[in-house]
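Engineer: prediction below, plus the sequence it came from.
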Amino acid sequence: MMAVRAPRARNDPAQYDDLVGQWWLPRGDFAMLHWLARARAALVPPATRAGAVLVDLGCGAGLLAPHLAGKGYRHVGVDITRSALERAAAHGVVAVRADVARVPLADETADVVCAGEILEHVTDHAAAIGEACRVLRPGGLLVLDTIANTRLARLVAIAVAERLPGGPPRGLHDHALFVDRRELVRLCGEHGVRLALRGTRPSAADLARWLTGRQEGVRMVPAPTTAVLFQAIGRKTT
């Protein structure tokens, strides 16, 4: 008789090992991460110097990589999940296995730091933000997207999205780790990065076509509020 594995706790990193075969499936359990990666990469300008480095915190299987092609960066990905990093490396990412709250990179290493859909999975937001800003060069760009710590986000991102095609797998998020927007802005400001936030959501028209098999990807478009899913961008001034 086949053993039945007990359900994972919410936000258990072992879920990513369980789902490792889903990373690069455009209609798999991580479909929305593909949409978000494309939108995140659109905020990253082409490199302005030879040898420019982009550090991708919580890189997963490297979904950002195809969207950075031709922009001139050495793409360094940091993640704690070995199985995901193996797939990231296969897509040209320089893989570093580490906690995003303790990044083994030198100060002011990166021209760009991306932190996509990772802050809502870490228990120490201050440490993760501190590391993101520490490795960023003066004048460098911080780009992130995450989920706001609001009742609306708990409803949309967990109660609703986990039951919809394209949404996150059940149990992937723990609402207790969702991000306080004011605190995020404050923490980044303490490290010399002034953030601008904007809401984002999947295009309803694209999603309808995706659900009916008439379209392969879904665009992320501006949302009227940052109270659910949001992007943030800022430059390091000091």
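Structural biologist: Sure thing, it's come through. Numbers count the residues shown, from 1 in each chain.

Engineer: all contacts plus neighbour counts: C-alpha atoms, from now on.
Structural biologist: OK.

Engineer: strands paired with the longest strand along the chain, and their directions?
Structural biologist: Ranked by residue count under DSSP state E, the longest strand found in the chain is strand 136-147. Pairing partners of strand 136-147, with direction, according to DSSP bridges: strand 110-116 (parallel), strand 229-235 (antiparallel).

Engineer: of these, flag the one that's most buried.
Structural biologist: Of all the strands paired with strand 136-147, strand 110-116 carries the top mean neighbour count, a mean of 26, counting by mean count of other C-alpha atoms under 10 Å.

Engineer: contacts for it next, please.
Structural biologist: Contacting residues not belonging to strand 110-116 are listed as 36-37, 40, 44, 52-59, 132-133, 135-137, 139-146 [C-alpha atoms under 8 Å, 6 or more residues apart in numbering].

Engineer: please apply the same query to stretch 215-230.
Structural biologist: Contact with stretch 215-230 is made by 26-27, 35-36, 39, 145-150, 152-153, 156-157, 197-203, 206-207, 209-210, as judged by C-alpha under 8 Å, 6+ apart.

Engineer: drop anything exposed from these.
Structural biologist: 26-27, 35-36, 39, 145-150, 153, 157, 197-202, 206-207, 210 (16 or more other C-alpha atoms under 10 Å).

Engineer: now do the strands in the protein.
Structural biologist: 53-57, 74-79, 94-97, 110-116, 136-147, 196-202, 220-223, 229-235.

Engineer: the last one: how far from the chain's middle?
Structural biologist: Okay, so that is strand 229-235. Strand 229-235 sits 11 Å away from the centroid of its parent chain (C-alpha atoms, centre = their mean, to the nearest Å).

Engineer: likewise the third one?
Structural biologist: Centroid displacement of strand 94-97 relative to its chain, using C-alpha atoms, centre = their mean, is 16 Å.

Engineer: pLDDT of stretch 191-208, averaged?
Structural biologist: Across stretch 191-208, pLDDT averages out at 97.

Engineer: got the end-to-end distance for it?
Structural biologist: When the termini of stretch 191-208 are compared using C-alpha to C-alpha, to the nearest Å, they are 41 Å apart.

Engineer: how about stretch 32-50, which residues are buried there?
Structural biologist: Residues of stretch 32-50 classed as buried by neighbour count (16+ other C-alpha under 10 Å): 32-41, 43-44, 47.

Engineer: the residues you listed in helices, which ones?
Structural biologist: With helices taken from DSSP state H, the overlap with the buried residues of stretch 32-50 comprises Met32, Leu33, His34, Trp35, Leu36, Ala37, Arg38, Ala39, Arg40, Ala41.

Engineer: skip the chain neighbours and tell me the closest residue to the first one.
Structural biologist: Read it as Met32. Leaving aside its sequence neighbours, Met32 sits nearest to Gly166 (C-alpha to C-alpha, 6 or more residues apart in numbering; 5.6 Å).

Engineer: same check on the last one?
Structural biologist: Ranked by C-alpha to C-alpha, 6+ apart and with sequence neighbours excluded, the top spatial neighbour of Ala41 is His67, at 5.9 Å.

Engineer: that neighbour: neighbour count?
Structural biologist: Using other C-alpha atoms under 10 Å, His67 is surrounded by 16 other residues.

Engineer: and of the ones in helices among the buried residues of stretch 32-50, the nearest to Ala84?
Structural biologist: The closest of those to Ala84 turns out to be Leu33 (C-alpha to C-alpha; 13.5 Å).
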